[in-house]
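A.B. asks: Build the 3D model from these lines:
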Amino acid sequence: MAEEILVVLSTFPDVEMARRIAEKLVTQNLAACANITAQVESIYRWQGKIESATEALAVFKLTANRYAAFEKALRALHPYKVPEIIALPVTHGSNEYLRWVCENCAE
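C.D. replies: Numbers count the residues shown, from 1 in each chain. Here you go, the predicted structure:
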């Protein structure tokens, strides 16, 4: 596969917000798809304190050449001051699926 594929993780305050933002990003061809886990428990340090929250986790699949536009749009839509946006390269996967990601994340 010539095109680099990324998996991007981002948490949201609830599943409804994750769904709304994911739909916008997929509709704009910035991501081929998003999987949403309705509830994850997050434990983190924020402003010097240990915090915890129940959040929704979205897992996006996109091409690396769409990442800059994806991140810009996600930051604009995201309610958090410092949103989690972690991109991981896909090094192996089903050729058919990776091709589908490329076809559905076109500019």
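A.B. asks: how much distance is there from the longest helix along the chain to the middle of the chain?
C.D. replies: Counting by DSSP state H, the longest helix found in the chain is helix 15-27. Relative to its chain's centre, helix 15-27 lies at 10 Å (CA atoms, centre = their mean, to the nearest Å).
A.B. asks: For the remainder of this discussion, apply numbering that starts at 407.
C.D. replies: With the count now opening at 407, the last piece we talked about shows up as helix 421-433.
A.B. asks: Might you list the low-confidence residue ranges for the protein?
C.D. replies: 407-408 (pLDDT under 70).
A.B. asks: Show me where it has its strands.
C.D. replies: Here the chain has its strands, by DSSP state E, at 411-418, 439-452, 455-469, 492-495.
A.B. asks: buried stuff in the longest helix of the chain?
C.D. replies: Val421, Met423, Ala424, Arg425, Ile427, Ala428, Leu431, Val432 (16 or more other CB atoms under 10 Å). (Each C-beta comes from the backbone N, C-alpha and C, glycine too.)
A.B. asks: Can you tell me which of the residues you listed lies closest to His484?
C.D. replies: Ile427 (6.9 Å; CB to CB).
A.B. asks: Since that was my last question, I'll sign off now.
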